[in-house]
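Undergrad: Sequence and predicted structure below; questions after.
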Amino acid sequence: MNMIAKIRKCALWLKGQSLKFNEWVIIFGYVLIWLYAGTVTGIKGSYMLAGSFTLLLIFYLLWLRPKIRWLSWKNFVEAIGLGLLPLMVELIFLLIVMQFNNHIIGNSNTSLIVKLLQKNIIYVAYVVIIAPILEEIVFRKSFFHRIDAWLASWVDNSKLRVGISAFIVATVFAQMHGASIGIIYILLSLYFQFIYLHFSNLEMNIIAHITFNTSTLGLLVIANLM
């Protein structure tokens with residue numbers, strides 16, 4: 001049996017497993033890649049992270065072949081608006097903080113992204129497409145579902161359980177983004193989690209997240225040119 005046949009056989013076996021199993025696979029795959037890429041510092045490590053996450057997303061899409069629900073124009077426009085809203089709030093927050101600190105607050109993740117974009121424009125595709133799609137699948141869907149299911153035997157109040165699960169996901173999300181002011185990433189994750197719970201539509205989350213990343217990237221480029 002050649003390598004391609006083995007991979008295909010493995011993929012078919014994985015596809016036949018339970019939803020719980022599949023969600024843990026994508027979660028652990030994400031974490032392992034993040035931990036391994038973290039051992040390589042600087043731009044090389046970021047390229048490794050982006051490439052590995054891209055392969056993980058491709059594997060997920062080919063392996064599970066999830067059914068894509070195309071959004072209506074109304075929902076599509078609404079998702080874009082939901083993606084722009086947190087950017088406006090973030091800008092107001094930063095402007096307020098700057099009044100007291102007299103300098104721009106950033107984080108290691110954002111600073112490195114700017115450097116990478118200056119060296120390789122292709123990295124834009126990862127920032128505005130690959131990362132938002134994968135993060136919504138991993139954090140807002142899979143990780144949230146697994147934490148919520150685990151807490152079900154400990155917390156009877158469903159609203160409290162959802163709140164705790166969302167906060168745990170948000171904390172991990174912020175940590176993985178290397179934020180020096182993690183509160184922004186925590187609030188951002190909680191916001192996207194609210195969208196997912198309210199609409200029960202991962203595609204809306206993905207469009208909102210892509211919009212947020214794209215608009216944030218655009219502001220970073222403009223700020224860098226000024």
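TA: Nice, thanks for sending it over. Worth saying up front: this structure is predicted, and the values here are computed from it rather than measured.

Undergrad: List the contacts of N75.
TA: Taking Cβ atoms under 8 Å, 6 or more residues apart in numbering as the criterion, N75 is in contact with F199, N201, M204. Placement of C-beta: from N, CA and C, glycine included.

Undergrad: now do 7 Å
TA: M204 (Cβ atoms under 7 Å, 6 or more residues apart in numbering).

Undergrad: So which residues of this protein form helices?
TA: 3-15, 19-37, 42-64, 73-101, 108-119, 123-125, 131-135, 144-151, 158-176, 182-199, 202-225 (DSSP state H).

Undergrad: which one is the most centrally placed residue in the chain nearest to, not counting chain neighbours?
TA: Taking Cα atoms, centre = their mean, the centroid of the chain lies closest to E135, which sits 2.3 Å from it. The shortest distance from E135 to any non-neighbouring residue, by Cβ to Cβ, 6 or more residues apart in numbering, is to H209 (6.7 Å).

Undergrad: Surely the one you found touches A131?
TA: No: contact between H209 and A131 fails when scored by Cβ atoms under 7 Å: they sit 8.3 Å apart.

Undergrad: neighbour-wise, which of those two wins?
TA: Set H209 next to A131 and count neighbours by other Cβ atoms under 10 Å: H209 wins out with 26 against 20.

Undergrad: ok, now which ones touch that one?
TA: Applying Cβ under 7 Å, 6+ apart, the residues near H209 are G83, P132, E135, E136, F192.

Undergrad: can you rerun that using 10 Å?
TA: 79, 82-83, 86, 128, 131-136, 139-140, 188, 192, 195 (Cβ atoms under 10 Å, 6 or more residues apart in numbering).

Undergrad: Would you mind measuring from it to I26?
TA: 16 Å (Cβ to Cβ, to the nearest Å).

Undergrad: ditto for I168
TA: To I26, I168 is 17 Å away according to Cβ to Cβ.

Undergrad: Settle it for me: which of the two has more neighbours?
TA: I26 (21 against 16).

Undergrad: Tell me how many other residues crowd the closest residue to that one other than its chain neighbours.
TA: Among residues not flanking I26 along the chain, S142 sits closest, at 5.3 Å (Cβ to Cβ, 6+ apart). Residues near S142, counting by other Cβ under 10 Å, number 22.

Undergrad: Let me know how buried V124 is, in neighbour terms.
TA: 16.

Undergrad: In this structure it contacts T214, no?
TA: Yes: here V124 reaches T214: they are 8.9 Å apart, a contact under Cβ atoms under 10 Å.

Undergrad: Out of the helices and strands in the protein, which is least certain?
TA: helix 108-119 (a mean of 60; mean pLDDT, DSSP states H and E).

Undergrad: before we move on, back to that, ok now do the residue nearest to I26, which residues does it touch?
TA: S142 neighbours (Cβ under 10 Å, 6+ apart): L19, K20, N22, E23, W24, V25, I26, I27, Y30, Y60, E136, V169.
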